[in-house]
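1. Got a predicted structure here, sequence first:
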Amino acid sequence: MSKRPEASPAAVRLRAASLAFGQRQILQDLDLEIPSGQAVALIGPSGVGKTSLLRVLTGAQALQAGSAELLGENPQTLKGAKLRALLLRVGHLYQNDALVPGLRAVHNVLVGRLGRWSLLRSIISLIWPRDVELARAAMARVGLEDRLAAPISNLSGGERQRVALARLLVQNPELILADEPVAALDPRLAREVIELLVGLAKEEGRSCLVSLHDWEIVGPYFDRVIALKDGRWFFDGPPGDFLPEALAELYVDEKANGGPRA
Ligand SMILES: Nc1ncnc2c1ncn2[C@@H]1O[C@H](COP(=O)(O)OP(=O)(O)OP(=O)(O)O)[C@@H](O)[C@H]1O
Ligand SMILES: [Mg+2]
């Protein structure tokens, strides 16, 4: 008789979360639960609070009320080594990824291991990259096997984001948090990187929460879209249920100020 698997804790949870900057209410009594394995796009106009929400989840921004949970732990109350240990289980990706320009791709990919290495081993790896095979396999997964020795400064924007994805693969996180990871790329490259990011997350059953300014690249890749507006959830559901009229309403103020970025 098969035993029902134990329910794993949600990858991300907010309970009655509130955050204000001065008079501006950024998050207003928000609830959110992202189960393990789900790929979620977080969208909304500029300044609505997408980055702030991600910062709440990593403990970088304190909530005024309510609570946050990341992989079953509370990032708002953990400190020092315990918070760092939690964040090592999370992969991060940003718009202009924090790759080290002077270093070769292989070293940047292996930065994904640093949290698990001693300082000495990390320094040695700069001279003689350890786990090169690991880096090679990760670079192959993102279609850049032949650029292992390339200095980051010689790579295009799209290639750099792929190296950042290879670094995530080497880190092997349980959850990926990404803040506008493709904002600097043209729409075709942006779609390619998002497809790769969500694909890599899902094939290992990882969850991902990806903030995106533009609806166009949400496309068919995500299981779920959450849209933030005026501190509240404006939409929460499958991308196919998000109707064009709702989309126009989400971005209506921004349109008045020159329209969303294409
Ligand atoms: N530490 C802070 N102190 C005061 N105000 C802040 C702080 N951080 C963010 N804000 C303000 O909160 C609002 C939300 O900012 P946030 O960066 O979260 O928006 P966003 O949705 O990520 O926007 P974008 O799409 O432009 O990246 C903005 O008006 C911003 O100026
Ligand atoms: Mg932002």
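-> Cool, the structure landed. Ligands and ions are numbered 1, 2, ... in the order given.
2. Arg15: neighbour count?
-> 15 (other C-beta atoms under 10 Å). Yep, even glycine has a C-beta here, placed from its N, CA and C like the rest.
3. I'd like the distance from Ala178 to Leu200, if you could.
-> 11 Å (C-beta to C-beta, to the nearest Å).
4. residues contacting Gln61?
-> Leu19, Ser52, Arg55 (C-beta atoms under 8 Å, 6 or more residues apart in numbering).
5. now the first one, what's its secondary structure?
-> Meaning Leu19. Classification of Leu19 by DSSP: H, G, I helix; E, B strand; the rest coil places it in strand.
6. check contacts around it.
-> Gln25, Ile26, Leu27, Gly49, Ser52, Val56, Gln61, Leu63, Gln64.
7. and it, what are its bridge partners?
-> Leu27 (DSSP bridges).
8. For ligand 1, what's the nearest residue on the stretch 151-262 of the chain?
-> Residue of the stretch 151-262 of the chain nearest ligand 1, by C-beta to the nearest ligand atom: His213 (5.0 Å).
9. and that residue, how many residues sit next to it?
-> 20.
10. close enough to count as contact, it and Ile43?
-> Yes. Using C-beta atoms under 8 Å, His213 is in contact with Ile43, at 7.3 Å.
11. Now do the domain split for the chain, please.
-> For the chain, automatic domain parsing gives the domain ranges 10-89+176-257, 96-172.
12. need these in TSV with mean pLDDT, can you?
-> Converted to TSV, the domains of the chain look like this (pLDDT from 0 to 100):
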stretch	mean pLDDT
domain 10-89+176-257	92
domain 96-172	81
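13. Turn the ones you listed into TSV, including distance to ligand 2.
-> Compiled in TSV, those are given as follows (distance: least, C-beta to the ion, whole Å):
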stretch	distance to ligand 2
domain 10-89+176-257	3
domain 96-172	12
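14. for the helix or strand hosting Ala137, packing partners?
-> Element membership for Ala137 (DSSP states H and E) is helix 132-141. On a contact count with 3 or more C-beta pairs under 8 Å, 6 or more residues apart in numbering; DSSP states H and E, helix 132-141 meets helix 105-110, helix 157-171.
15. In JSON lines, list those helices along with mean neighbour count.
-> Converted to JSON lines, these look like this (neighbours: other C-beta atoms under 10 Å):
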{"stretch": "helix 105-110", "mean neighbour count": "25"}
{"stretch": "helix 157-171", "mean neighbour count": "24"}
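16. quick check, nearest of the contacts of Gln61 to Ile217?
-> When the contacts of Gln61 are compared for distance to Ile217 (C-beta to C-beta), Ser52 wins out at 21.3 Å.
17. separation between the closest one and ligand 1?
-> 3 Å (C-beta to the nearest ligand atom, to the nearest Å).
18. Then Ala62?
-> 10 Å.
19. Ok, Leu27 next?
-> 9 Å.
20. residues contacting that residue?
-> Counting by C-beta under 8 Å, 6+ apart, Leu27 has contacts Leu14, Ala17, Ser18, Leu19, Gly49, Ser52, Leu53, Val56, Leu63, Leu228, Gly231.
21. neighbours of the third one, just the number please.
-> Neighbourhood size, Ser18 [other C-beta under 10 Å]: 16.
22. my read: it touches Asp29, true?
-> Yes. Counting by C-beta under 8 Å, Asp29 is a contact partner of Ser18 at 5.6 Å.
23. hey, what's in contact with both of these two?
-> Ala65, Gly66.
24. from what I can see Ile34 touches Ala201, true?
-> No. Checked against C-beta under 8 Å, the pair Ile34 and Ala201 is beyond contact range at 11.8 Å.
25. Now for those two: what residues contact both?
-> With C-beta under 8 Å, 6+ apart, Ile34 and Ala201 have common neighbours Ser207.
26. still on that earlier bit, distance to His92 and secondary structure added to the contacts of Leu27, as JSON lines?
-> Converted to JSON lines, the contacts of Leu27 look like this (distance: C-beta to C-beta, whole Å; DSSP: H, G, I helix; E, B strand; the rest coil):
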{"residue": "Leu14", "distance to His92": "18", "secondary structure": "strand"}
{"residue": "Ala17", "distance to His92": "20", "secondary structure": "strand"}
{"residue": "Ser18", "distance to His92": "24", "secondary structure": "strand"}
{"residue": "Leu19", "distance to His92": "20", "secondary structure": "strand"}
{"residue": "Gly49", "distance to His92": "18", "secondary structure": "coil"}
{"residue": "Ser52", "distance to His92": "15", "secondary structure": "helix"}
{"residue": "Leu53", "distance to His92": "14", "secondary structure": "helix"}
{"residue": "Val56", "distance to His92": "14", "secondary structure": "helix"}
{"residue": "Leu63", "distance to His92": "20", "secondary structure": "coil"}
{"residue": "Leu228", "distance to His92": "20", "secondary structure": "strand"}
{"residue": "Gly231", "distance to His92": "25", "secondary structure": "coil"}
